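Student: Structure here, sequence nowhere to be found:
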């Protein structure tokens, strides 16, 4: 059964078409990733699914409940861990969790033991009775996740769970999320703009760009879909057209041109093709500044489907 | 039922957070004392002008200070909503089955409870200053209720402004803009008999003055219970209206997400 079904949702904020017909399905028990740069529509998609906002068009359901018609059922089914944690600075971890449990309808002994269990599970039991103001970034994130889990939801939404964490804490949190998914038999939808996070953590993922899903599948499927290695050639200014025709002649037609200087081409065996490419460019008088060969990565997948370089788009200068 | 339970949870939370900022509690207790002592001394001889219903200015002033304090407290109550919005606290709860009404009502009720407690403290200090509440226990109760109703009436407006503007600076500007004019358009500091005619007319429509009239009437001799009842009723109706307004702006906020 599908835990999440999203069918052609659209959402406009003023002049910005935040979602332009997003569709995907998440199976029960899966860790599913929405990958894309800031502003691609990942968070908006999540906000529609957790009933914070409504789509203008299209339909979506979580745990079999329609997010528009059965919003309250959806809210009982899900845990939502937003990007910015909404936690009282002067409440303790235990108090914060207890309040969250109460509004989810828990109480008494059951709630007390659930809160204690969760504090243990996410590894902040030692700090349970200290005020959140003194927590480190990683501890807060763990508390945020515990907050989303207090009522034993079926589906957990993690919006940019590791943004703002240092690399060490990030890796620790990945392990944590996988373990929690197992321990609480959860379906998880997470958004991220870290390629390695999507690669490491998710069973399947969808690449989101400009309000649309441009590709989907397992990370391995997406990479295999590219067939071959990426060869990036950075050339001297002004010779892009010459370089293009040279590459086409040696059977390595450029797929993409980045920033007017770098050509990306895809060949079955990059190492073997490279001498031929360089010789042909040299013969045509095109100066080469740098050249690199890489096995397909999610970065290449991203580049392939959106025609844009992930890193530069993420910086907002695409 | 759910609304009442969730409102209670949120009030407990807000109160707990306040209790952990001791400076706030000190200010909350000391501030009204300053009003009482400062104004009490400054205008001590003004009762000679007549129309005050007592020769003791502090007796005339004490019930009004209770109401004024409740009113000022209310104008600021939206600040805590803005903090909750800024910190995304509200958003996190909107993704749970929490009662939406409770998120707004808890702010108003918490504000009114605070005003009630402050009223009690001011009354006790007034007692020490020699203020005699003519109608005794029932009088104390009326003063406290008047304070809480004035507070909830304006807290509703403050919440609505907070939800509509979502900006602290705007909030502060509006609180200052309405605070002092409404104070001076009432008989808080001066007997009605000493006010210009046009101000007396305007004061009749001023909810702050409704509270002052009710509270003062039970403190001074010659209590007019009919007038007390009407004034409290006006305030109760106004509180319901402004709570409705706050709820409506909360819906608008939700739609804007």
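Tutor: Arrived safely, thanks for sending. Remember, predicted model here, so these are calculated numbers, not experimental data.
Student: Give me the nearest residue to residue B:158, chain neighbours excluded.
Tutor: Residue nearest to residue B:158 in three dimensions, not counting chain neighbours: residue B:78, with 3.8 Å by CB to CB, 6 or more residues apart in numbering or on different chains. Bear in mind the C-beta positions are built from the backbone N, C-alpha and C, glycine included.
Student: And for that neighbour, the neighbour number?
Tutor: Neighbourhood size, residue B:78 [other CB atoms under 10 Å in any protein chain shown]: 31.
Student: Residues of the stretch 151-257 of chain B that sit close to chain A?
Tutor: For the stretch 151-257 of chain B, the residues in contact with chain A (CB under 8 Å from any CB of the partner chain) are residue B:257.
Student: which residue ranges form the helices in the stretch 151-257 of chain B?
Tutor: Remark: helices assigned in the stretch 151-257 of chain B by DSSP state H, counting those that start in this stretch are B:168-184, B:197-203, B:207-219, B:225-256.
Student: and the third one, what does it pack onto?
Tutor: Meaning helix B:207-219. Helix B:207-219 sits against helix B:57-75, helix B:136-165, helix B:168-184, helix B:225-256, with contacts defined as 3 or more CB pairs under 8 Å, 6 or more residues apart in numbering or on different chains; DSSP states H and E.
Student: Put together CSV for the ones you listed, with mean neighbour count on each row.
Tutor: Output for the helices and strands packed on helix B:207-219, formatted as CSV (neighbours: other CB atoms under 10 Å in any protein chain shown):
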stretch, mean neighbour count
helix B:57-75, 26
helix B:136-165, 24
helix B:168-184, 15
helix B:225-256, 16
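Student: Could you point out which of these sits nearest residue A:198?
Tutor: Checking those against residue A:198 by CB to CB gives helix B:225-256 as the closest, at 31.0 Å.
Student: If you average the pLDDT over the closest one, what comes out?
Tutor: Regarding helix B:225-256, the rounded mean pLDDT is 97.
Student: what's the answer for stretch A:171-182, then?
Tutor: The pLDDT scores in stretch A:171-182 average 87.
Student: Name the residues that touch it?
Tutor: A:29, A:31, A:121-123, A:138, A:141-142, A:145, A:149, A:156, A:158, A:161-162, A:165, A:186, A:188, A:190, A:197, A:200-201 (CB atoms under 8 Å, 6 or more residues apart in numbering or on different chains).
Student: and these, which are buried?
Tutor: By neighbour count, with 16 or more other CB atoms under 10 Å in any protein chain shown, these hold A:31, A:121-122, A:138, A:141-142, A:145, A:149, A:156, A:158, A:161-162, A:165, A:186, A:188, A:190, A:197, A:200-201 as buried.
Student: Those in helices, which ones?
Tutor: A:121, A:138, A:141-142, A:145, A:149, A:197, A:200-201 (DSSP state H).
Student: Just send those residues back as CSV, with distance to residue B:149 and pLDDT too.
Tutor: Output for those, formatted as CSV (distance: CB to CB, whole Å; pLDDT from 0 to 100):
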residue, distance to residue B:149, pLDDT
A:121, 47, 87
A:138, 47, 86
A:141, 44, 89
A:142, 44, 90
A:145, 43, 91
A:149, 42, 93
A:197, 54, 88
A:200, 59, 87
A:201, 55, 90
